[in-house]
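Undergrad: here is the input, now give the coordinates:
(chains A and B)
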Number of protein chains: 2
Amino acid sequence: MTSTFKGLQHTAAYNSLLKLAQSPFDLTGTGVLDDEERWRRFSCTMGDWRLFYATERVDEAVIDALQAMADEQRLVAQFAAMRRGAVLNRIEGFESENRQVLHTACRDLFSASAAMAAASEEARREMDKLRHFLDELQKGKLAGSLGQPFDTMIHIGIGGSDLGPRAMLEAMRGLALSGRKVHFIANVDPDDTARVLAEVNLATTLVTVVSKSGTTLETLTNETLVRRALEVAGLDPARHCLAVTGKGSPMDDPGRYLRSFYMFDYIGGRYSVTSMVGAVVLGFFLGYEQVVDFLRGAAEVDALAEEADLRRNLPLLLALLGIWNHNFLGHATVAILPYSQALHRFPAHLQQCDMESNGKSVDRYGRKVTLKTGPIVWGEPGTNGQHAFYQLLHQGTEVVPAEFIGFRRSQYLRDGEVQGTTSQQKLLANLFAQSIALAAGRPADNPNRAFPGNRPSCILLAERATARALGALLAIYEAKIVFQGFCWNVNSFDQEGVQLGKVLAGGLLARIGLAVEEGDGVGKIFVKQILG
Amino acid sequence: MTSTFKGLQHTAAYNSLLKLAQSPFDLTGTGVLDDEERWRRFSCTMGDWRLFYATERVDEAVIDALQAMADEQRLVAQFAAMRRGAVLNRIEGFESENRQVLHTACRDLFSASAAMAAASEEARREMDKLRHFLDELQKGKLAGSLGQPFDTMIHIGIGGSDLGPRAMLEAMRGLALSGRKVHFIANVDPDDTARVLAEVNLATTLVTVVSKSGTTLETLTNETLVRRALEVAGLDPARHCLAVTGKGSPMDDPGRYLRSFYMFDYIGGRYSVTSMVGAVVLGFFLGYEQVVDFLRGAAEVDALAEEADLRRNLPLLLALLGIWNHNFLGHATVAILPYSQALHRFPAHLQQCDMESNGKSVDRYGRKVTLKTGPIVWGEPGTNGQHAFYQLLHQGTEVVPAEFIGFRRSQYLRDGEVQGTTSQQKLLANLFAQSIALAAGRPADNPNRAFPGNRPSCILLAERATARALGALLAIYEAKIVFQGFCWNVNSFDQEGVQLGKVLAGGLLARIGLAVEEGDGVGKIFVKQILG
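TA: Predicted structure coming up:
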């Protein structure tokens, strides 16, 4: 299959799209966004989610050309191959991780025939361990080393072991088990640990340490600080700490951890939320059944994402609308704007998942790319952002494609009418109003009050932020990112770009460790100017 | 003075800079970043802060040209005029807010002769009210309507009334008064209020409601929901609620609020952290003296920012390095990367302050701008980001200028050695290593492991995240944003771009309110497709 990989610039559709991009659809035309037919035509439903993209600068010709590009690049076939175990984490002809990409397998637990049965079997085994563990907790069979029941979890991880689980846990606060509390520590900044230790009762606290290699500097440092605090409190760390790590890693040690849950080398950190990386902390906070629903939502999307018809494949559509905005209309960034306080950390997770996957400069054959690859991904919740950076979205000189996300009903289901409407109605009205305002614009005699319009956006809408809908949302974005990587023909599953900083930091630390007073270059400057 | 406003493209220095930008300084050259002289030469100290900019793509010729541009545009003179009450919130020849810009006055309380005495006098009066109020709280003279002492505050605001106070409060968690808790509500999403109400004991809670106009939709809605909850709990809202609002606004009502603190129309929301908007909640959390220190740090920077020599004016330097990266080297965004967990929400505040100020398309005479104005501002704390989006920073096709922020010592002063170094040393080593890695790059035989380098960044460093250092940091960035706005010749103090969305949302809400079943255009679509 590798011989067929090609970047979008080598497709016949590429030139059609370049031509179409010279005069993209005009959203500011009279009545364009009042046209109900346009809203219906440019929408797509998948499971719990509906995508509205009438407010993108597209017409049928653009969608047809994007479909042709997807077909030429065999994007869906590559996705299907990924789910079935193809070795896609690879650079042809050069040393690389050379691994399968099977985050989809860890939720492929609900169909009679899993796409990659062996991997799903491993996932099922870990899920069984988790259910058993959560059962024991629930029934009070497990307790802290002074005998008190656990009600708190500290989750220690960084990057992919932190952002996804944190974003999803925050997204489900309204669904939590009564009395359960969770804190996260990620940063090597000692204040991150100090702040959490100041807030918890360690006697009732489980500490989940997450590192696939079992060697992540920040995570092991923070684990050490927390273990010392446990000891100072007269507690036995081995009875308070859980490991989520690779089988056989230095952390896979029953003498030091109450339980070990395994992650596998075919799941990258940033795609690991539905593995034990997310499942342990979500299970503690929400209970096992919610985790199952979360995985079910993701699994449904994975299966549906093998649909070849672009107009019926929501994540593929989202991916190619992004390519249209980035590579053809020339916009460098994309804003993720959830109209849902529950999703307040979801943009940070996507920022990681997307930028670490597709922020690449060589293709899958090690050749320098000639087109722009991954955009800069950023965002904050609405309506908050409307009182902040939306000024630039509407009237700035940078055009920012936006992806709005919303729900018809609130999560807590506690709402009230003020001035004739509920808060949820206000929230949704604002979401749609912003999308329409960005697209339609408005002329004005006062030039400072004119809105140019033609700023593209789309809207993802579901009924309510349930575990299943959130699992589906996560999988939609994971698939979007993977599809875009295929489009740019980059390896979306490695992260060589994080290495140099690590090496240099290691060098600086060695110098500090050796207490070098005089030295050359960076070390000298560092020691004298920074610490001196 | 208005006749002298001109955009940077009309300066003589502009063409010199364009020429210099054709071959910007090469940071990948052998030994460039080992050159101690370069690090010393390209650094600047102001109060508690030191800026290192050896890792920007600049040499003396660029700095000289930027100085010439600053002089031609009279940037420092405009800043001085602003502090003295010039009406700079204005579009010449068109209807506009037409106001002074005096956020600097509300901290100009420490010199014998304030730059704008009348405004500083008003600020001092509010500070006196605050001290008196906090004293009464401390001495137990004030209590909830059931007689219990207050230990919790809910701060309700949005945009400028939320992001700055929240960022600064988070930044000072390690300095808080024992036992004091603070929660924020901003989003009209009912889940935001539901989540906070589920966590607090209302009997011991003060509710600070912040809205200059006293009419902000989100804030009044959330206030109403919280007042209802107070009533349900058998409490008297008038004895639990504080107002921070304009004198004479609908919220300036002693019958409904325990106290009113005033904000003034010459202070924009996004610049209001050092007014009562931030001072009330910070004072409750940290005590009055910390607020004074915070203001003092800001005031010191304001005064020093009138220095004409670019090399000695830190915020001006930061502003013009940003202009160099944005307008001459062509980078659309800027990343704010604090190596400090305390500053985890500071990028979100700057995103607002910067993008709402300078995301503009007409100049101060109402003419369409011809150059790019404000960049997209985004960021997350390091070292977390190193395991996430830094992949794109190092190896992506978008170049992202970065501003690193760090402290020599931690805030909590609780640290420990692991593997021979403290966490704080690890944090700082990583900060400098990232800046150097982005700049220097590294060749490699494996193309996927090569780092191109020449990615510009700078580093802001202070001793510790004290109230004074944080006040100074805030003022450095406020001044940077103002200087850049002068450079682009835009009005950095209005926000017309937020209006259209409000109007459209109002229209949609009216239709919902009227329960329109059939209608035309947007309303019809909205009602049928979204709520139907």
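Undergrad: can I get stretch A:287-303 in CSV, CA atoms only?
TA: The C-alpha trace of stretch A:287-303 is given here as CSV (Å, rounded to 0.1, in the frame of the first residue of the first chain):
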residue,chain,number,x,y,z
GLY,A,287,-17.8,4.8,37.3
TYR,A,288,-17.2,2.0,34.8
GLU,A,289,-20.4,2.2,32.9
GLN,A,290,-19.8,5.8,31.8
VAL,A,291,-16.4,4.7,30.5
VAL,A,292,-18.0,2.0,28.5
ASP,A,293,-20.5,4.5,27.0
PHE,A,294,-17.6,6.9,26.2
LEU,A,295,-15.8,4.1,24.3
ARG,A,296,-19.0,3.1,22.6
GLY,A,297,-19.4,6.6,21.2
ALA,A,298,-15.9,6.6,19.9
ALA,A,299,-16.2,3.1,18.4
GLU,A,300,-19.4,4.1,16.5
VAL,A,301,-17.6,7.0,14.8
ASP,A,302,-14.5,4.9,13.9
ALA,A,303,-16.7,2.4,12.1
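Undergrad: for it, what is the average pLDDT?
TA: The pLDDT scores in stretch A:287-303 average 98.
Undergrad: confidence score at the residue nearest to residue A:55 when sequence neighbours are not counted?
TA: What sits nearest to residue A:55 in space, not counting adjacent residues and going by C-beta to C-beta, 6 or more residues apart in numbering or on different chains, is residue A:439, at 4.2 Å. (C-beta placed from N, C-alpha, C; glycine too.) Residue A:439 is assigned 95 on the pLDDT scale.
Undergrad: now do the one 4 residues further on
TA: Listed pLDDT for residue A:443 reads 92.
Undergrad: show me where the stretch 301-450 of chain A has its strands.
TA: Taking DSSP state E, counting those that start in this stretch as the test, the strands found in the stretch 301-450 of chain A are A:333-339, A:376-378, A:402-407, A:417-418, A:421-422.
Undergrad: closest to chain B out of those strands?
TA: strand A:376-378 (3.8 Å; C-beta to the nearest C-beta).
Undergrad: end to end on stretch A:250-269, go ahead and measure it.
TA: 18 Å (C-alpha to C-alpha, to the nearest Å).
Undergrad: ah, wrong one, I meant stretch A:199-210
TA: For stretch A:199-210, the first-to-last residue distance is 21 Å (C-alpha to C-alpha).
Undergrad: and that stretch, which residues are buried?
TA: Within stretch A:199-210, the residues scored as buried using 16 or more other C-beta atoms under 10 Å in any protein chain shown are A:200, A:202, A:203, A:204, A:205, A:206, A:207, A:208, A:209, A:210.
Undergrad: which residues are in contact with that stretch?
TA: Stretch A:199-210 is contacted by residues A:144, A:146, A:148-157, A:161-162, A:165, A:181, A:183, A:219, A:223, A:226-227, A:229-230, A:233, A:235, A:237, A:240-245, A:251, A:257-258, A:277, A:280-281, A:284 when judged by C-beta atoms under 8 Å, 6 or more residues apart in numbering or on different chains.
Undergrad: of those residues, buried ones?
TA: By neighbour count, with 16+ other C-beta under 10 Å, the contacts of stretch A:199-210 hold A:144, A:150-157, A:161-162, A:165, A:181, A:183, A:219, A:223, A:226-227, A:229-230, A:233, A:235, A:237, A:240-245, A:251, A:257-258, A:277, A:280-281, A:284 as buried.
Undergrad: list, out of those, those positioned next to chain B.
TA: residue A:162 (C-beta under 8 Å from any C-beta of the partner chain).
Undergrad: what about the buried ones among the contacts of stretch A:199-210, which are in helices?
TA: Among the buried ones among the contacts of stretch A:199-210, DSSP state H puts A:165, A:219, A:223, A:226, A:227, A:229, A:230, A:277, A:280, A:281, A:284 in helices.
Undergrad: and which of those residues is nearest residue B:498?
TA: If you rank those by distance to residue B:498 using C-beta to C-beta, residue A:165 comes first, at 34.1 Å.
Undergrad: quick one: contacts for the closest one?
TA: Taking C-beta under 8 Å, 6+ apart, we find residue A:165 in contact with A:155, A:157, A:184, A:210, A:273, A:277, A:278, A:281, A:282.
Undergrad: can you redo those as TSV with pLDDT?
TA: Conversion of those to TSV gives the following (pLDDT from 0 to 100):
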residue	pLDDT
A:155	98
A:157	98
A:184	98
A:210	98
A:273	98
A:277	98
A:278	98
A:281	98
A:282	98
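Undergrad: name the nearest of the ones in helices among the buried ones among the contacts of stretch A:199-210 relative to residue A:392.
TA: Checking those one by one against residue A:392 (C-beta to C-beta), the nearest turns out to be residue A:165, at 31.3 Å.
Undergrad: and residue A:254, how many neighbours?
TA: The number of residues packed near residue A:254 is 10, by other C-beta atoms under 10 Å in any protein chain shown.
Undergrad: excluding its backbone neighbours, what's nearest it?
TA: Distance criterion C-beta to C-beta, 6+ apart; nearest residue to residue A:254, sequence neighbours excluded, is residue A:260 at 6.9 Å.
Undergrad: pLDDT (mean, whole number) over the helix or strand that contains that neighbour?
TA: Residue A:260 is part of strand A:259-263 when elements are defined by DSSP states H and E. Mean pLDDT, strand A:259-263: 97.
Undergrad: could you list every helix and strand that it packs against?
TA: Packing partners of strand A:259-263 (3 or more C-beta pairs under 8 Å, 6 or more residues apart in numbering or on different chains; DSSP states H and E): helix A:117-138, strand A:241-246, helix A:276-286.
Undergrad: which residues sit in contact with residue A:182?
TA: A:152, A:153, A:154, A:155, A:169, A:281, A:284, A:285.
Undergrad: scratch that, residue A:419
TA: Contacts for residue A:419 (C-beta under 8 Å, 6+ apart) come out as residue B:221.
Undergrad: what of residue A:310?
TA: Applying C-beta under 8 Å, 6+ apart to residue A:310 gives the contacts A:63, A:66, A:67, A:70, A:316, A:317, A:320.
Undergrad: restrict those to those near chain B?
TA: Contacts with chain B are made by none of those, judged by C-beta under 8 Å from any C-beta.
Undergrad: how about the residues of the stretch 101-250 of chain A that lie near chain B?
TA: Neighbours of chain B within the stretch 101-250 of chain A, by C-beta under 8 Å from any C-beta: A:158-160, A:162-163, A:173-174, A:186-195, A:197-198, A:216-218, A:220-222, A:224-225, A:228.
Undergrad: residue ranges with poor pLDDT in chain A?
TA: Residue ranges of chain A with pLDDT under 70: A:1-3, A:512-532.
Undergrad: walk me through the domains of it.
TA: By the assignment in automatic domain parsing, chain A contains the domains A:2-73+A:307-494, A:103-296, A:497-531.
Undergrad: can you put those domains in a markdown table and add distance to residue B:312?
TA: What follows is the domains of chain A, written out as a markdown table (distance: least, C-beta to C-beta, whole Å):
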| stretch | distance to residue B:312 |
| --- | --- |
| domain A:2-73+A:307-494 | 31 |
| domain A:103-296 | 31 |
| domain A:497-531 | 18 |
